[in-house]
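Enquirer: sharing a sequence plus its predicted fold:
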Amino acid sequence: YCTKHLKKKYITVLRNPVDRVFSYYHLSLNDKNQPYHYLATKSIFHFLKYCPEAQNIYCKYLSSDIEKDINSDLYELAQKNLKNFDTIIKFDNFENDVKKFIEKFNVANIEIPHINKSNNKRKISNEELKAIEFYNFYDIKLVNQFKA
């Protein structure tokens, strides 16, 4: 059986970067087994400054260079690479987008559990919002451009 002629299908899930980072901060803060728990216990600002997962991670992954700080060139590469995805699932519409994916690719009906769901109901402060936006400028730009 030869697989070299099969076209690869790429999928990803995009979430509002502010919501993703705030959620990840709370997950890290409340779970001692999380790798960045020690950063989260200091403050959200300390977490943002030193946690690489809280800094433009979509652009880092999509540009295939997770070690570098994102600049306009890497942002453009991430934007270009995002266009190569066959399916982009929006986290805010996760259930419906997964159903469409299952239908589109004729995948057996699967159940996807929501793990690590936060019970955090705390609202983000303006200072926290500004800090998250600062460290995720390019991710926010990427997601907003995708939505447009």
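Expert: Arrived safely, thanks for sending.
Enquirer: got any ranges where the chain has weak pLDDT?
Expert: Counting by pLDDT under 70, the low-confidence segments of the chain come to 1-6, 109, 114, 116-117.
Enquirer: go with 90
Expert: Low-confidence regions of the chain, defined by pLDDT under 90, span residues 1-11, 65-69, 84-89, 91-122, 146-148.
Enquirer: where do the strands of it begin and end?
Expert: When secondary structure is read from DSSP state E, the chain shows strands at 11-14, 87-90.
Enquirer: neighbours of the closest residue to residue 26 other than its chain neighbours, how many?
Expert: In space, not counting the residues next to it along the chain, residue 26 is nearest to residue 120; the distance is 4.5 Å by C-beta to C-beta, 6 or more residues apart in numbering. From N, CA and C alone the C-beta is placed, and that goes for glycine too. Using other C-beta atoms under 10 Å, residue 120 is surrounded by 13 other residues.
Enquirer: same check, this time on residue 36
Expert: When neighbours are counted by other C-beta under 10 Å, residue 36 registers 19.
Enquirer: for it, grab phi and psi.
Expert: Dihedral angles of residue 36 (phi, psi; degrees, to the nearest 10) stand at phi -110, psi 20.
Enquirer: residues contacting the residue nearest to residue 26?
Expert: Counting by C-beta atoms under 8 Å, 6 or more residues apart in numbering, residue 120 touches 23, 26, 30.
Enquirer: so who does residue 79 touch?
Expert: In this structure, residue 79 makes contact with 62, 142, 145, judged by C-beta under 8 Å, 6+ apart.
Enquirer: which of those residues are buried?
Expert: Neighbour-count burial within the contacts of residue 79 applies to 62, 142; the criterion is 16 or more other C-beta atoms under 10 Å.
Enquirer: narrow the contacts of residue 79 to those in helices?
Expert: Among the contacts of residue 79, the residues falling in helices (DSSP state H) are 62, 142, 145.
Enquirer: just put those residues in TSV and tack on distance to residue 132.
Expert: Supplementary listing: the ones in helices among the contacts of residue 79 in TSV, determined by distance: C-beta to C-beta, whole Å:
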residue	distance to residue 132
62	19
142	15
145	18
